[in-house]
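>>> Make a model of this:
(2 chains)
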Amino acid sequence: MEQFQKKDVVQAVLLTDLRPEAFKPICDNSSTALLTLANVPLLDYALESLNRSGIEEVFVYARLHMNDIKEHISKRQKQGCTWSINMSVKVIGAEGCRCLGDALRDIDAKSLIRGHFVLMEAETVTNANLSYFLEEHKKTAKYDKGIAMTVIYKEVITGVRTGDEVMIAMSTDNKRLQYHQRIKTNFREQSFAMPLDIFLQNSNVALHHNLADPQIAICSPLLLTLFSDNFDFENRDDFVRGLIINEEVLNSRIYVEMLPREQYARRVSNWLTYQIVSNDVINRWSYPLVPDMGICCLRQQFLFLRNNIYKHESATLSKLMSKENIVLDSGSSVDTGSKLSSVVIGRNCKIGKNCNLDHVYMYDDVVIEDNCSLEYCLIGSGAKISSNSHVLEGVVIAPKTVIAPNSNITTPSETDPIAKRFSISTQKTNDTEELDDEEDEEWEVGGFLKMRSVPFSFEDSEYNSSTEDELSSHGSPVPDDTNIFLSEVIDSLTRGYNEKSNPDFLILEINSSRYAYNMSLSEVNFYVTKAILSLPKVKESSANIVQNLHHVLGHLGPVISNYIKYKDAMIDCLKGVEDCCNQEEDFKAKVAQIVHYLYDKDYVAEDAILEWYENLSDESEWMKTHLKKLIDWLMASSEEESEEE
Amino acid sequence: MLNLLFQSNTITIFEFSPVQILQFKRNLTFKRQNMVEDFDISPHNPPLKAIAGLIHDVKRGKLEGSYNITVKTLDILKKIISVCDWKSAEELMKLIRTQGKILASALPQEVVTANITRRIIKLIREEYDLLQAKVHQITDDSQASLHKLVTQTSDNDISRDYSKPQEGLREALLDHLQEIETEMETCSENVSAQAEEHIHTSEVILTLGHSRSVENFLKRAVKKRENLTIIIAECAPACRGHHLAANLATGSAEIVVIPDSTIFAMMSRVNKVIIGTHSVLANGGLRAACGAYTVALAAKHYSVPVIVLAPMYKLSPVHMCNVEQDAFNLVECAEGVIPYNSLAAKFAKVYSPIFDYVPPELVTLFISNMGGHAPSYVYRLLSELYHPEDYEL
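Residues are numbered from 1 along each chain as shown, chains lettered A, B, ... in the order given. Predicted structure coming up:
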């Protein structure tokens, strides 16, 4: 009987600490799951939302700081918080676990999961009704045994990049995920290369570029075996990519669900998303997970006042200049004349007179003295900001830091387009300014987004970037996959040439690389030409380049003639030559000779050369002078030919 | 005189016949075994498991509607009385008061939980007084008189001592709780039975959102009267008015669903406004679904009577001084108003309140299960329902 009942238990796995380095220095000694957002640890948000969705058993997979998490959970259970009702929480973990893949393999080895389950990160804040998605997932699983996962996305505003945004293609008929790419934080992608098969095989395809990935997925038990079988899957993105590419081989599929209105989900993955999610919670997008509803405690202790002010019963808020979006926890006080906007204040904090706080997130026991000005920063517990100080964008102040009066603290690289973050961590010193310089180097962590005002004006750039794209399609940095493809082709050709292996095998090798990286035929032509010109033997000496080329093509000729058959292919080949010459100084003088040699050996036809010559890009303008003679001669010979006829 | 007293005694004894007491005891032992865990009072963990479960169910949305919440709360409080270990009325009152306080602080918007707690405390007081009076008469029959008995029970000036253990209190309470339960079961029917008195043939009725009492009331009216036109304001963003329209559409009446913005335009042709309410405040004002104030003001402008259906358990002895005070209102998810992925969402402050305060002067009549009352009469009903000392839990 008991075993029978256990089968119906709805389970969830919460993963913690997948990116602790993004939250330095606050998370140096504690788990990111215990990072507080609006004065409630993120873990509580996650557990609360699971509880509301009717989950009965949760495994919290702790990578680091397992004891802290265990302690927190047992403390909450003793307090009788809301998520402890009808839900059991178990903390599991292993030291050697590095990533999501390891965790799931470990869970599989322990055979804890008995059915379809929810996989979520502990840093996710959501009010979504996951039980609905779980039911949908089970329905799909009835007719598609190969369902591995249903991923859940939330539509967000475009133009804000936090690292959680994805670009996906899904077939709208069956909601299957066909293409998935994480959108980069630092620059706009010039283009998205999607395999044509997506559009050929599905009658309706929807492309979504405005989605945030809150890292919520409904998973089948199949997922665990897939992770166990494929040791190279490290994180969820690896898994999604691997599954889409090898859909046929693994016989499993990923489905997509969008969160409807009034269901919110975002993940806290860096300080910028921390700031965004904090604001969303204060602005009640995550209702009922808002401070005045008591996020994990039974009692409601916060008063909700006008202008989104959440005041604890025991806090004091004096007459202020202006105030909006404030969370003020127990025992804290704000003195007169201050301006507060989007501020979270922990327990027992003191804020002095005439302060100007904008997007400031405080932990417990923080003291801010009079006339301070703080913007977009986070202050660890017990820190003290002395009077007349300025703390500007993106600064994270470690716990128990003391900032001297009249200091001015900013992030060092304000002009750097890729936002860098640094923080000052000093233990109870009175003169921090001296120490700042020393610690800057030590704490600088590049690549993690800092808090800042989120830019919303983005109407201007959309069209510009696309026109730029057309003009200099080859001048832009080459995307990763094509780079790998090129290097693989060069490797195959070098080996083939050195070992004098059968050209047919080389063609086979190149073709398999082509399918692995999803290259179009014209790209293959282009890169094979480039690869031949980049062979070490060809590059050996610039003086007798043509002679070397002759040597190489003597053997590899069949390879190139296999690809370069028609006029379009020839133009691709010539573009490859053009690109090589643009990159290699040595080749510049020899461009006419190379083209002439290719013409002589009948690799390229004359009309292809002429057309290519007509359409040379601005960058290759210099080539025209080099090629002038050749072209004239070609024109002349063709005229002769026609006359002869 | 003696004879009369004796009679009253026999009557009371008859009320607790040995068979009944046996039944109670059997029930008690059975219940004790089952729920000893749910009603385990430990000093470190004040909310009982059953209470915490109730709060959890309401928060998760599993338990909805003030009627269902009241019934469930009553059920739990009844079990506390029957299962928990208490010796005197004072102890029991303290126990129920703490649990009621926990409910009120966890669900400040659901005032019905506090109301039913107050009612049960009043019941404990009354039963205790009654039993005490009886005990005194038996032991001290030479001085007892009907006059004294009457003056004793209606005398509120002396604060009583409830700490003495009183035999038979548990049974008496459970018996009276049965009465309250029956009242709860029949109250919706009693309210809707008055439909014919207020709705006549070919009238145009306007209502707002979806209230269970209003639905039953109108269903009854549709059955009894012909050619009714019922206009339903949809009550955005939840649009619960659509449910009401769907439920009423089976009858013969003409149903019109209108957006909230056209309430004023439609009001001129309306004969009566009939709305439900979340609760009735001490001054006769309403805490009703958002949009009720619009309806009431429009009705005032066209002098249309506003009839509010409010069963007795919705009457609460609280006054409203300030909209922001004591969590009077509840602001819901911002996405009900504008989508999250809109640009405006990043700059605008979005409020989506679910209640409106309607002042008593805009209400014409309350219809409760006891009949119709004017708003000015609410204070009188309150003093009948609750003991003044329990207004503050």
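>>> May I see the buried residues of the helix or strand harbouring A:W633?
In this assignment (DSSP states H and E), A:W633 forms part of helix A:621-644. Residues of helix A:621-644 classed as buried: A:623, A:626-627, A:630-631, A:634 (neighbour count, 16 or more other C-beta atoms under 10 Å in any protein chain shown). In this view, the C-beta of every residue, glycine as well, is placed from N, C-alpha and C.
>>> What is it packed up against?
helix A:591-600, helix A:606-614 (3 or more C-beta pairs under 8 Å, 6 or more residues apart in numbering or on different chains; DSSP states H and E).
>>> List the contacts of B:M266.
Contacts for B:M266 (C-beta atoms under 8 Å, 6 or more residues apart in numbering or on different chains) come out as B:206, B:231, B:258.
>>> Three-state assignment for the second one, please.
On the three-state scheme (DSSP: H, G, I helix; E, B strand; the rest coil), B:I231 is labelled strand.
>>> Contact partners for it?
Per C-beta under 8 Å, 6+ apart, neighbours of B:I231: B:204-207, B:256-258, B:266, B:270.
>>> now the last one
With contacts taken as C-beta under 8 Å, 6+ apart, B:I258 has the following neighbours: B:231-234, B:266.
>>> partners of it in the sheet?
With DSSP bridges as the criterion, B:I258 is bridged to B:A233.
>>> In terms of pLDDT, where does it sit?
Looking at B:I258, its pLDDT reads 96.
>>> what's the answer for the first one, then?
Here the pLDDT value assigned to B:L206 is 96.
>>> Under a three-state scheme, what state does the residue lying closest to A:Y179 once chain neighbours are set aside occupy?
In space, A:Y179 comes closest to A:A169 once its chain neighbours are excluded; the distance is 3.7 Å by C-beta to C-beta, 6 or more residues apart in numbering or on different chains. Three-state call for A:A169 (three-state DSSP): strand.
>>> Show the contacting residues for A:A169.
A:177-179, A:194, A:198, A:205-208.
>>> got it, and A:S341?
With C-beta under 8 Å, 6+ apart, A:S341 has these contacts: A:322-325, A:357-359.
>>> Give me the sheet partners of whatever helix or strand it lives in and which way each runs.
Remark: A:S341 resides in strand A:339-345, with elements defined by DSSP H and E. When pairing is defined by DSSP bridges, strand A:339-345 lines up against strand A:322-328 (parallel), strand A:356-362 (parallel).
>>> for the first one, which positions count as buried?
Within strand A:322-328, the residues that qualify as buried by neighbour count (16+ other C-beta under 10 Å) are A:323-328.
>>> got it, and the last one?
Neighbour-count burial for strand A:356-362 flags A:356-362 (criterion: 16+ other C-beta under 10 Å).
>>> swap in stretch A:489-504?
So for stretch A:489-504, counting by 16+ other C-beta under 10 Å, buried means A:489-490, A:492-494, A:496-497, A:503.
>>> If we look just around chain A, which residues of the stretch 1-150 of chain B are in range?
With C-beta under 8 Å from any C-beta of the partner chain as the criterion, the stretch 1-150 of chain B meets chain A at residues B:45, B:47, B:52-53, B:55-56, B:59-60, B:102, B:105-108.
>>> Try it again at 7 Å.
B:45, B:47, B:52-53, B:55-56, B:59-60, B:102, B:105-106, B:108 (C-beta under 7 Å from any C-beta of the partner chain).
>>> can I get those residues in CSV with neighbour count, pLDDT and secondary structure?
Below are these laid out as CSV (neighbours: other C-beta atoms under 10 Å in any protein chain shown; pLDDT from 0 to 100; DSSP: H, G, I helix; E, B strand; the rest coil):
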residue, neighbour count, pLDDT, secondary structure
B:N45, 13, 50, strand
B:P47, 20, 78, coil
B:A52, 22, 87, helix
B:G53, 18, 88, helix
B:I55, 24, 89, helix
B:H56, 21, 88, helix
B:K59, 20, 85, helix
B:R60, 16, 84, helix
B:I102, 20, 89, helix
B:S105, 20, 85, helix
B:A106, 24, 87, helix
B:P108, 18, 85, coil
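>>> now, which of those sits nearest A:S512?
Taking C-beta to C-beta as the measure, B:R60 is the one of the residues of the stretch 1-150 of chain B next to chain A closest to A:S512, at 53.9 Å.
>>> about what we covered before: if we take the buried residues of strand A:322-328, which one ends up nearest to A:V10?
Once C-beta to C-beta is applied, the member of the buried residues of strand A:322-328 that ends up nearest A:V10 is A:V327, at 32.0 Å.
>>> List the contacts of that closest one.
With contact set as C-beta atoms under 7 Å, 6 or more residues apart in numbering or on different chains, A:V327 has these partners: A:38-39, A:282, A:291, A:310, A:344-345.
>>> Identify, from those residues, the entry nearest to A:A212.
Taking the contacts of A:V327 together and measuring to A:A212 by C-beta to C-beta, the closest member is A:I282, at 18.2 Å.
>>> Report the separation between the closest one and chain B.
Remark: distance between A:I282 and chain B (C-beta to the nearest C-beta, to the nearest Å) = 10 Å.
>>> tell me, how many neighbours does that residue end up with?
By other C-beta atoms under 10 Å in any protein chain shown, the residues close to A:I282 number 24.
>>> Just the residues contacting stretch A:132-148, thanks.
A:10, A:116, A:118, A:150, A:152, A:218, A:220, A:222-223, A:226, A:243, A:251-255, A:257.
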